[in-house]
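Engineer: Need coordinates for the below:
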Amino acid sequence: MTKSSYYSRFPEELEDRLDANYNDPTYDLINSLLSKAHYSIIALGDPKCLKTIVSGKTPKGLHYTDDCVPFIGSTHVVAGSVNMDDAPKIPIEIHKTTLARSQIRKGNVLITIAGTIGRSAAYNYDDECNANQAIAILDLNQAEIEPEFLAMYLNSQIGQLFFRKLQHISSQPNINLEEIKRIKVILPNTKEEQKGIVANTQAIETEATKLETQSEIMAEEAAAILLNELGINVSKEDTSNYFFKSAEERTVSFSVMPDAISDRMQYLFFHPKQAALKTMRERYAVERLENICAEPIRRGKPSEYDESGEIKIIKTVDLKSTYIDYDNCLRVSSKFIEEFPNEQVKKNDILVASTGYVSLGKVAVHDRDEMVVVDRHVSVLRTRTGYDPYFVTYFLRSHLGQIQFEKWFSGASGQIDIWPDDLNQFILPESSENGVSLTKQKEIADGITEKLTEARTKAENARKKREEARGIFEQLLYKP
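Structural biologist: Modelled structure (predicted):
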């Protein structure tokens, strides 16, 4: 649910689009900021700024290779930089022929134009790469404009306001190339001035990048603790792509003997990655998830949201990769609990996102004393004595848990779910001498929690550094 709002516009205020988002008074701030500009203002599409702008594409039947030209998408353009570490590769022949128009070279500026709109970065690598349809590639007039300056400008407050105003709101937000060319740029008169502004902010941006890298490393270390402690080795390739969520689609083939087929005819049920569960069974006594719960696993009930309600309701969107976003939860009336007293989520209950390709399999512990409930797309697990809820949560987040979400989900491309009856089938080490004792569970969980806390702290400090850098950049753009 989003809060309802309304506004009115006089006819003379309307521009060339009539959609509600484009004319929202929120974007009046753009003109206010432009009026304070310390330098001249020019349209991004002006030849002084731009030579050409194209978008990438994904040809039908495109096949990836192990070592060739990186093929990037929106997930690779973040925080003012291009990260190609996990980018799939395409053959050089495709890069030079079929995708010749979307070749990316040093000095280009890249903008995400589908899904998440407006993340921008200068491409500073010597090696060429290519991009899919979620990326706009700007070839600048570098005699007049510095790529790093433009990327910083587009990531600044005014640049992001332009992207939000110009985007088309739909099931997948998007912005077209002609609209990008309409963005107005506050442009210092010389490249020396532009470089000076960049230099004033780049040192802080570098600090932020360093903190983000440290945060990512700590998060990866945290994710590795459980498997290392259990002595189960899995490949990086197996742990990098669940539910085929990444941009890279791989062809997988394997065979299963008829006498090994059980329960359901779904290829992920028999995927070779499931061998890790066999390894766990061989090393540990295991128990089904339903048998470690003090109460039957349940989903939340449908409820009506109430902006003035007293109780927070946790939805799928509130379950993040490593925490619950309590600050942005919607609310329901306390009458909901009066009508359904058993719907209250207790401290240390485990919450599981149970619907949708992107969200299914996210897991977190409700770690607060305050009363909350969940919506019908979130499942609640309440562990019995002998099982640490944090260990169970980290197990479900690990490779051993995620492959079981892949194994037991049901549904099709439009919607997938993990239902309580299928969550019941998940296995994990038994709390015993032949499994993982409660003492060992707590030891493992504490180590992971400590690492994740450090990672969150680094990430928050990086966010503050980014804000500081943007603040300095913007101060230099506007008149005192």
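
Engineer: hang on, residue 370 packs against residue 312?
Structural biologist: Yes. Distance between residue 370 and residue 312: 7.2 Å, which falls inside the contact criterion (C-beta atoms under 8 Å). Just so you know, the C-beta spots here come from the backbone N, C-alpha and C atoms, and that holds for glycine as well.

Engineer: The two: who's more crowded?
Structural biologist: Using other C-beta atoms under 10 Å as the criterion, residue 370 and residue 312 rank with residue 312 on top: 22 against 10.

Engineer: Could you verify that the more buried one is part of a helix?
Structural biologist: No. Using DSSP: H, G, I helix; E, B strand; the rest coil, the secondary structure at residue 312 is strand, not a helix.

Engineer: Does it touch residue 372 like I think?
Structural biologist: Yes. Using C-beta under 8 Å, residue 312 and residue 372 qualify as a contacting pair, with a distance of 4.8 Å.

Engineer: Mind listing the shared neighbours of these two?
Structural biologist: Counting by C-beta atoms under 8 Å, 6 or more residues apart in numbering, the shared contacts of residue 312 and residue 372 are 326, 329.

Engineer: which SSE is residue 282 in?
Structural biologist: Using DSSP states H and E, the secondary-structure element containing residue 282 is helix 275-283.

Engineer: okay, that helix in PDB with CA atoms only?
Structural biologist: What follows is helix 275-283, C-alpha atoms only, in PDB (Å, rounded to 0.1, in the frame of the first residue of the first chain):
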ATOM      1  CA  ALA A 275      24.400 -33.200  -3.700                       C
ATOM      2  CA  ALA A 276      25.500 -30.900  -0.800                       C
ATOM      3  CA  LEU A 277      22.500 -32.200   1.100                       C
ATOM      4  CA  LYS A 278      23.600 -35.700   0.600                       C
ATOM      5  CA  THR A 279      27.000 -34.800   2.000                       C
ATOM      6  CA  MET A 280      25.400 -33.200   5.100                       C
ATOM      7  CA  ARG A 281      23.300 -36.400   5.600                       C
ATOM      8  CA  GLU A 282      26.500 -38.500   5.500                       C
ATOM      9  CA  ARG A 283      28.200 -36.300   8.100                       C
END
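
Engineer: Tell me how far it lies from the chain's centre.
Structural biologist: Between the mean C-alpha point of helix 275-283 and the mean C-alpha point of its chain there is a distance of 30 Å (C-alpha atoms, centre = their mean, to the nearest Å).

Engineer: List the buried residues for it?
Structural biologist: When burial is assessed from 16 or more other C-beta atoms under 10 Å, helix 275-283 yields the following buried residues: 276-277, 280.

Engineer: One more: stretch 192-206?
Structural biologist: By neighbour count, with 16+ other C-beta under 10 Å as the criterion, the buried positions of stretch 192-206 are 193-194, 197-198, 201-202, 204-205.

Engineer: Residue 162 against residue 184, yeah?
Structural biologist: Yes. With contact defined as C-beta under 8 Å, residue 162 reaches residue 184; the gap is 7.3 Å.

Engineer: More neighbours: which of those two?
Structural biologist: residue 162 (24 against 18).

Engineer: Distance of residue 169 relative to residue 441?
Structural biologist: Taking C-beta to C-beta, to the nearest Å as the measure, residue 169 falls 45 Å from residue 441.

Engineer: Compare neighbour counts for these two and give me the winner.
Structural biologist: residue 441 (24 against 13).

Engineer: quick one, helices of the stretch 201-350 of the chain?
Structural biologist: When assigned using DSSP state H, counting those that start in this stretch, the helices of the stretch 201-350 of the chain occupy the ranges 275-283, 335-339.

Engineer: With the stretch 51-200 of the chain instead?
Structural biologist: 92-96, 147-155, 157-166, 177-181, 191-230.

Engineer: Can you name every helix or strand that the longest one contacts?
Structural biologist: Where contact means 3 or more C-beta pairs under 8 Å, 6 or more residues apart in numbering; DSSP states H and E, helix 191-230 is packed against helix 147-155, helix 389-397, helix 399-408, helix 438-477.

Engineer: was I right about residue 277 contacting residue 426?
Structural biologist: No. The pair residue 277 / residue 426 is not scored as a contact, 9.6 Å apart, by C-beta under 8 Å.

Engineer: contacts for the helix holding residue 282?
Structural biologist: Residues lying outside helix 275-283 but in contact with it, judged by C-beta under 8 Å, 6+ apart, are 230-232, 234, 238, 286, 399-400, 403-404, 427, 429.

Engineer: Just the buried residues of the residues you listed.
Structural biologist: Buried subset of the contacts of helix 275-283 (neighbour count, 16+ other C-beta under 10 Å): 230, 232, 234, 238, 286, 399-400, 403-404, 427, 429.

Engineer: which one of those is nearest residue 91?
Structural biologist: Proximity of the buried ones among the contacts of helix 275-283 to residue 91 (C-beta to C-beta) peaks at residue 238, which lies at 24.6 Å.

Engineer: what pLDDT does that closest one get?
Structural biologist: In this model, residue 238 is scored at 69, pLDDT.

Engineer: if we can go back for a sec, dump the helices of the stretch 51-200 of the chain into JSON lines; add distance to residue 44 as well.
Structural biologist: Formatted as JSON lines, the entries for the helices of the stretch 51-200 of the chain read as follows, by distance: least, C-beta to C-beta, whole Å:
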{"stretch": "helix 92-96", "distance to residue 44": "27"}
{"stretch": "helix 147-155", "distance to residue 44": "8"}
{"stretch": "helix 157-166", "distance to residue 44": "9"}
{"stretch": "helix 177-181", "distance to residue 44": "6"}
{"stretch": "helix 191-230", "distance to residue 44": "14"}
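
Engineer: Select, out of those, the one closest to residue 419.
Structural biologist: Closest approach to residue 419 among the helices of the stretch 51-200 of the chain is made by helix 191-230 (25.2 Å; C-beta to C-beta).

Engineer: who touches the residue nearest to residue 215 when sequence neighbours are not counted in this structure?
Structural biologist: Taking C-beta to C-beta, 6 or more residues apart in numbering, and ignoring the residues beside it in sequence, residue 215 has residue 458 as its nearest neighbour in space, at 3.8 Å. Remark: with contacts taken as C-beta under 8 Å, 6+ apart, residue 458 is in contact with 211-212, 214-215, 218.

Engineer: The same query, at a cut-off of 6 Å, please.
Structural biologist: Contact partners of residue 458, counting by C-beta atoms under 6 Å, 6 or more residues apart in numbering, are 211, 214-215.

Engineer: And for residue 430?
Structural biologist: Residues counted as contacts of residue 430 (C-beta under 6 Å, 6+ apart) are 285-287.

Engineer: Export these as JSON lines, with columns for pLDDT and distance to residue 31.
Structural biologist: Supplementary listing: those in JSON lines, determined by pLDDT from 0 to 100; distance: C-beta to C-beta, whole Å:
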{"residue": "285", "pLDDT": "97", "distance to residue 31": "68"}
{"residue": "286", "pLDDT": "97", "distance to residue 31": "63"}
{"residue": "287", "pLDDT": "98", "distance to residue 31": "63"}
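
Engineer: got a markdown table for those, with distance to residue 152 too?
Structural biologist: Supplementary listing: those in a markdown table, determined by distance: C-beta to C-beta, whole Å:
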| residue | distance to residue 152 |
| --- | --- |
| 285 | 56 |
| 286 | 52 |
| 287 | 53 |
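
Engineer: closest to residue 90 among these?
Structural biologist: Proximity of these to residue 90 was ranked by C-beta to C-beta; the top entry is residue 286 with 41.9 Å.
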